[in-house]
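Undergrad: Coordinates for the following, if possible.
(chains A and B)
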There are 2 protein chains.
Amino acid sequence: MKFKTIEPIKGKIRILDQRQLPLKIVYKDYDDFRDIIESIKRLEIRGAPAIGIAGAFALALAARAEVKIDPERLKCLLTDVAMEIKSARPTAVNLSWAVDRALKAACLYEGDNLEELRIVIWDEAINILREDEQMCHAIGQKGAKLIKNGDTILTHCNAGALGTGGIGTALAIIYTAHNQGKRIRVYADETRPILQGARLTCWELMQAGIDTVLICDNMVGFLMKQKKIDLVIVGADRIVKNGDFANKIGTYGVAVLAEKHKVPFYTAAPSSSFDNHIASGEDIPIEERSPNEITIWNEIQIAPAGVKVYNPAFDITPAELVTAYITDKGIIPGGRCGGETVPTPPSGEFN
Amino acid sequence: MKFKTIEPIKGKIRILDQRQLPLKIVYKDYDDFRDIIESIKRLEIRGAPAIGIAGAFALALAARAEVKIDPERLKCLLTDVAMEIKSARPTAVNLSWAVDRALKAACLYEGDNLEELRIVIWDEAINILREDEQMCHAIGQKGAKLIKNGDTILTHCNAGALGTGGIGTALAIIYTAHNQGKRIRVYADETRPILQGARLTCWELMQAGIDTVLICDNMVGFLMKQKKIDLVIVGADRIVKNGDFANKIGTYGVAVLAEKHKVPFYTAAPSSSFDNHIASGEDIPIEERSPNEITIWNEIQIAPAGVKVYNPAFDITPAELVTAYITDKGIIPGGRCGGETVPTPPSGEFN
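TA: Numbering: from 1, shown residues only, chains lettered A, B, ... in the order given. Take a look at the predicted model:
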């Protein structure tokens, strides 16, 4: 990748401001955890794995902010900070997962050296970033086997390098297949209201030299009816015990259309997106965002002033619409494959 | 209605410039048929019945432009002009239907008085406008019987007063039910790329005091899954012999989701939208429009420069996904009703 979505630089966290893509490439350096929380809320950084990494670094920065504090007191304080970070965005499990993991590393530290404790947390955030890179790579390797030369792939939102610490989840598979010399074309849904598909997915795929065609979200059905799509690959913000998963609003509609047209539908996600504590998709918290995301564009009102708006940021796709889950550990058959629909967090190599 | 979509004023044709809604209410007066063709192409006026009316008036203006011409020579000349007007937008049949009807009125004139011939054409355009008003009213009356007190209705694009010479087609039913005192809520798809739902449907429904909620096109599935939609009503640009119909891009996806969730799906259209000369939806010409409609918003690029774009303005919904067609003559059962799926242009009262 010619860019870094998030990386530590000289003790600060450098984040590529995705709100300004594709027009401007602007990096922001943060050293206050509160700024990272705001950055996550503002969607400067988004994508389930990427906000997990950002959250872990936010905790590491919070640990640094306190001077002359007892390590045990700091652990207590970080427990509150962790709650605050995790509430920045509720739907993706990766944020909770990563922040809890960094917090746990802190709690397991039994020494009394403040600087050592800080390093433990920082190192855990680095580990999460590095492991995410490896998980992306592994998803790409596992998933690319499903892509044939000449395939046309539809994707929704951005499950790419911009949403992870590595080369993405859904897009990792596309990059890997492309690098294997397979000739592929990608249709990218623009993904209203924030246009992650138009602004981010098209941008990163075009940088990699991949044949990319932009469509509006409402064109998916007509495309599939014309048999122009061979398979769908999307990411996931949270995959729960029964195989239901949350992903960017619109994913469910694409899954229904894929089933109707017998187009395989794959969900690509790292182990960190699996949440075994929730039984079914109905219990996943769905974030609703500001009406302004829909009614205002480039500071210009595009709908009548005062119109009511419903703006859920995610929807739930039931396991029965999934052909397979592509994870870093292997491929798990989904409900449409008549296979396992209870994708417990993968712990070993099974494909 | 507090506005007029299209009307003749002192020999000119006054058109409400819908590109500027909802921010500005700007009327444009045209007396050159070429300006009306451009107005149709630019989408200042849109909606199948409305562009039919505009097309008929364009022909009437063209007849006035020629001075010192033999009536027979004028008829010949208008045949060419009619071709030009009809090619402005290919998908809706109403434009061809209305222009051919005005042309036929001219051809049937057997006198040799140029001014009389001009009046014949002008009067036929007026007739088309008046009949459209009546058809809208009739659609509202027939369709309102299907709306129950407390219903929540989803609509796509704008099949309202702004798309017709009267109170609309799909929205006529909503206005009529509302005026009958039924408590209803309408979810309006924003309808990318031109946002006719956000800009036009919300605007006219709110003017009428109807409870309106704006959503992005990709939210329909999640809404239906939550059982928030009781029925769908959309318009149609062309309904062909086997019952397939063309309508704004995205209609097909909504129809598939409605079938999946057992939500009734109604298509409202005047007799002038029925085209018995085409056997099946596959043969309807689908207009593709400029990539800029998707990639540029308010003159600001929102996708990477040079990205490929697919921008069909319409899609085809097969008859089997239609619960019923609501026309000015009555209600015709559709494929989902196990009923008649060959809705020949209704000629009498049958419901």
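
Undergrad: CA atoms only: put stretch A:47-62 into CSV for me.
TA: Output of stretch A:47-62 as CSV, limited to C-alpha atoms (Å, rounded to 0.1, in the frame of the first residue of the first chain):
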residue,chain,number,x,y,z
GLY,A,47,-13.5,0.2,9.6
ALA,A,48,-13.9,-2.3,12.4
PRO,A,49,-10.2,-3.5,12.6
ALA,A,50,-8.8,0.1,12.2
ILE,A,51,-10.9,1.6,15.0
GLY,A,52,-9.8,-1.3,17.2
ILE,A,53,-6.2,-0.4,16.6
ALA,A,54,-6.9,3.2,17.2
GLY,A,55,-8.7,2.4,20.4
ALA,A,56,-5.8,0.4,21.7
PHE,A,57,-3.4,3.2,20.9
ALA,A,58,-5.8,5.7,22.6
LEU,A,59,-5.5,3.7,25.8
ALA,A,60,-1.7,3.6,25.5
LEU,A,61,-1.7,7.4,25.1
ALA,A,62,-4.0,7.8,28.1
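
Undergrad: Just give me how far that stretch sits from the chain centre.
TA: 12 Å (CA atoms, centre = their mean, to the nearest Å).

Undergrad: tell me the average confidence for it?
TA: For stretch A:47-62, mean pLDDT rounds to 98.

Undergrad: which parts of the stretch 151-300 of chain A sit against chain B?
TA: A:187, A:189-193, A:195, A:198-199, A:202-203, A:206, A:211-223, A:225, A:249-250, A:252-253, A:256-257, A:260, A:294-295, A:297-298, A:300 (CB under 8 Å from any CB of the partner chain). C-betas here are computed from N, CA, C, even on glycine.

Undergrad: Narrow those residues to those in helices?
TA: A:202-203, A:206, A:220-223, A:225, A:252-253, A:256-257, A:260, A:294-295 (DSSP state H).

Undergrad: so which of the residues you listed comes closest to residue A:41?
TA: residue A:294 (17.4 Å; CB to CB).

Undergrad: how about residue A:204, what does it touch?
TA: By CB atoms under 8 Å, 6 or more residues apart in numbering or on different chains, the residues touching residue A:204 are A:1, A:3, A:158, A:160, A:161, A:162, A:168, A:171.

Undergrad: Quick one: buried ones out of the residues you listed?
TA: Neighbour counting with 16 or more other CB atoms under 10 Å in any protein chain shown marks A:158, A:160, A:161, A:162, A:168, A:171 as buried within those.

Undergrad: Please look at the third one and residue A:167 and confirm they touch.
TA: In this case it means residue A:161. Yes. With contacts counted by CB atoms under 8 Å, residue A:161 reaches residue A:167, the gap being 5.1 Å.

Undergrad: hey, what's in contact with both of those two?
TA: Counting by CB under 8 Å, 6+ apart, the residues touching both residue A:161 and residue A:167 are A:1, A:136.

Undergrad: Now for the closest residue to residue A:195 other than its chain neighbours: which residues touch it?
TA: Computed as CB to CB, 6 or more residues apart in numbering or on different chains, the closest residue to residue A:195 that is not its neighbour in sequence is residue B:302, at 5.9 Å. Contact analysis of residue B:302 by CB under 8 Å, 6+ apart lists A:195, A:198, A:199, B:295, B:296.

Undergrad: Can I have the buried ones of those as a ChimeraX selection?
TA: Selecting only the buried entries of those in ChimeraX, with 16+ other CB under 10 Å as the criterion:
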select /A:195,198,199 /B:295
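
Undergrad: what element comes up after the longest helix along chain A heading to the C-terminus?
TA: The single longest helix within chain A, with elements called by DSSP H, is helix A:114-144. Where DSSP states H and E defines the elements, the next helix or strand beyond helix A:114-144 is strand A:152-155.

Undergrad: Just the buried ones among the contacts of residue A:204: which are in helices?
TA: residue A:171.

Undergrad: out of the buried ones among the contacts of residue A:204, who's nearest residue B:47?
TA: Looking across those and measuring by CB to CB, the closest to residue B:47 is residue A:158, at 34.4 Å.

Undergrad: tell me the phi and psi of the closest one?
TA: phi -130, psi 110 (degrees, to the nearest 10).

Undergrad: what sits against it?
TA: Contacts of residue A:158 by CB under 8 Å, 6+ apart are A:46, A:47, A:171, A:191, A:196, A:197, A:200, A:201, A:204, A:235.

Undergrad: one more time with 10 Å, if that's ok
TA: Neighbouring residues of residue A:158 by CB atoms under 10 Å, 6 or more residues apart in numbering or on different chains: A:18, A:21, A:46-47, A:50, A:164, A:168-171, A:188, A:191, A:194-205, A:235, A:248.

Undergrad: Could you do residue A:293 as well?
TA: Applying CB under 10 Å, 6+ apart, we find residue A:293 in contact with A:43, A:192, A:193, A:194, A:309, A:311, A:313, B:216.

Undergrad: so for stretch A:249-259, what's the average pLDDT?
TA: Stretch A:249-259 comes out at a mean pLDDT of 98.

Undergrad: Around the spatially closest residue to residue A:31 that is not a sequence neighbour, count how many other residues there are.
TA: Of all residues not flanking residue A:31 in the chain, residue A:12 sits nearest, at 4.7 Å (CB to CB, 6+ apart). Look at residue A:12: counted by other CB atoms under 10 Å in any protein chain shown, it has 15 neighbours.

Undergrad: Residue A:12 contacts residue A:30, doesn't it?
TA: Yes. Residue A:12 is in contact with residue A:30 according to CB atoms under 10 Å; the separation is 6.2 Å.

Undergrad: can you list residues touching both of these two?
TA: A:57, A:61.

Undergrad: What confidence value was assigned to the residue nearest to residue A:195?
TA: Reading off the model, residue B:302 has pLDDT 93.

Undergrad: phi, psi of it?
TA: Torsion angles, degrees, to the nearest 10, at residue B:302: phi -120, psi 0.

Undergrad: again, but for residue A:185
TA: When read as degrees, to the nearest 10, the backbone of residue A:185 gives phi -120, psi 140.

Undergrad: dump the residue contacts of it.
TA: Neighbour list for residue A:185: A:150-154, A:210-213, A:228-230, B:308 [criterion: CB under 10 Å, 6+ apart].

Undergrad: In a markdown table, list those along with neighbour count, distance to residue A:96 and pLDDT.
TA: Converted to a markdown table, the contacts of residue A:185 look like this (neighbours: other CB atoms under 10 Å in any protein chain shown; distance: CB to CB, whole Å; pLDDT from 0 to 100):
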| residue | neighbour count | distance to residue A:96 | pLDDT |
| --- | --- | --- | --- |
| A:150 | 10 | 40 | 98 |
| A:151 | 17 | 35 | 98 |
| A:152 | 16 | 36 | 98 |
| A:153 | 23 | 30 | 98 |
| A:154 | 26 | 30 | 98 |
| A:210 | 18 | 33 | 98 |
| A:211 | 14 | 37 | 98 |
| A:212 | 25 | 33 | 98 |
| A:213 | 18 | 36 | 98 |
| A:228 | 15 | 38 | 91 |
| A:229 | 22 | 34 | 98 |
| A:230 | 16 | 35 | 98 |
| B:308 | 15 | 38 | 98 |
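
Undergrad: Tell me the one among the residues you listed nearest to residue B:286.
TA: residue A:228 (13.4 Å).

Undergrad: So the closest one is in contact with residue B:312, correct?
TA: No. Assessed by CB under 10 Å, residue A:228 is found out of contact with residue B:312, at 11.2 Å.

Undergrad: between these two, what contacts are shared?
TA: What both residue A:228 and residue B:312 touch, as defined by CB under 10 Å, 6+ apart, is the set residue A:222.
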